[in-house]
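Peer 1: Compute the structure for the input listed below.
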Amino acid sequence: MRKNTVKQMWAEGKTVVNGWLHIPSSWSAEVMAHQGFDSMTVDMQHGMMSYETAVTMFQAISTTNVMPMARAPWNEPGTIGRLLDAGIMGIICPMVNTRDECEQFVGACRYYPDGYRSAGPTRAKVYAGADYVDHANSEIITMAMIETAQAVENAEEIISVPGLDSIYIGPGDLGITMGIPQGLDNDHPDFIKALEHVVATCKKHGVAAGIHTGSAQYARRASEMGFQFVTLLSDSGMMGAYAKQLVNAFHEGTQTVSGEAY
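Peer 2: Numbering: from 1, shown residues only. As a prediction, this is how the structure comes out:
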């Protein structure tokens, strides 16, 4: 089976730089995958794509060595199984707040005896190898989202679930449920304290910590805190930010970095 390079990087103590896809396009996915990211996540929760379009995006990412991943719409075994059968190498699951919910998520990603995933890796065996079923349990990444105050309180119970590879901080919902200003790159003292608690718990149990960030600066800061998986914005966020930069540069008469014409 194809080796999961994200897991290999974690084992080497490296930080994975992840791209995030909201735009329902195989072309934009392919362009993003060629920009040097280590992994690329198709967001099936808040992105605009259907399952069929997502499959074409996985295929586009596969023109590179970037690891294809997806955020599931919810902690629902049927949807998680279909995404894995489409050939992704990791699942990010939203709103995991308790140990029971985490056990359900991990079980949906693992074949017997480690879980209850049904065998039928339609595209996965083409992309990852004919022996996929024999090795998927050890190569597929399970990443549970900690994005509520409740999940932070239950961090020990969640992160200690057998078979969980990683957690992923969702800054927006976490800020909302903590009753503090929400958004990416949050510097609120209570938010930083929550991050430190989660990272320490991850280190205790040998689980990689991930987070969504809005800038390279905050991503580097997160890496220094102990996060081994950092997402930089999203395709739509990058497009909007760069487009605004160019328009403002025209009106203000300032210079800006030019881009390639895709």
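Peer 1: what's the burial count for R71?
Peer 2: Neighbour count of R71, defined by other C-beta atoms under 10 Å: 24. Yep, even glycine has a C-beta here, placed from its N, CA and C like the rest.
Peer 1: On the pLDDT front, check R2 for me.
Peer 2: Looking at R2, its pLDDT stands at 98.
Peer 1: That one and Y132: what is the separation?
Peer 2: Distance of R2 to Y132, given as C-beta to C-beta, to the nearest Å: 8 Å.
Peer 1: Grab the nearest non-local neighbour of E139.
Peer 2: Closest residue to E139 apart from its sequence neighbours, by C-beta to C-beta, 6 or more residues apart in numbering: N4 at 4.6 Å.
Peer 1: wouldn't that neighbour be in contact with T142 here?
Peer 2: No: with contact defined as C-beta atoms under 8 Å, N4 does not count as touching T142 (11.5 Å).
Peer 1: OK, contacts around Y111?
Peer 2: Residues in contact with Y111 (C-beta atoms under 8 Å, 6 or more residues apart in numbering) are 117, 119, 133, 136-137.
Peer 1: What about those, which are in helices?
Peer 2: Members of those lying in helices (criterion: DSSP state H): 133, 136-137.
Peer 1: if we can go back for a sec, now for the contacts of Y111: which two are most distant?
Peer 2: Spatially, the most separated pair among these is A119 and N137, at 11.5 Å (C-beta to C-beta).
Peer 1: ok, these two, which is more surrounded?
Peer 2: Using other C-beta under 10 Å, the more surrounded residue of A119 and N137 is N137, with 17 against 11.
Peer 1: Can you give me the distance of the more buried one to Q104?
Peer 2: 16 Å.
Peer 1: so where's this structure shaky on pLDDT?
Peer 2: Scanning the chain for pLDDT under 70 picks out the ranges 255-262.
Peer 1: Do a quick rundown of the strands in it.
Peer 2: Using DSSP state E, the strands of the chain run over 16-21, 39-43, 67-71, 90-93, 141-146, 166-169, 208-213, 229-232.
Peer 1: what would the ones you listed look like in TSV with distance to C109?
Peer 2: Below are the strands of the chain laid out as TSV (distance: least, C-beta to C-beta, whole Å):
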stretch	distance to C109
strand 16-21	18
strand 39-43	15
strand 67-71	11
strand 90-93	6
strand 141-146	5
strand 166-169	12
strand 208-213	15
strand 229-232	17
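Peer 1: Please report how far the residue lying closest to G129 once chain neighbours are set aside lies from Y127.
Peer 2: Leaving aside its sequence neighbours, G129 sits nearest to M1 (C-beta to C-beta, 6+ apart; 4.2 Å). Per C-beta to C-beta, M1 is found 10 Å from Y127.
Peer 1: and the nearest residue to M67 once chain neighbours are set aside, what is it in contact with?
Peer 2: Distances taken as C-beta to C-beta, 6+ apart place S39 nearest to M67, at 4.2 Å, with adjacent residues excluded. By C-beta under 8 Å, 6+ apart, the contact set of S39 is 6, 16-19, 66-69, 89-90, 229.
Peer 1: what about 7 Å?
Peer 2: For S39, the contact set (C-beta atoms under 7 Å, 6 or more residues apart in numbering) comprises 6, 16, 18, 66-67, 69.
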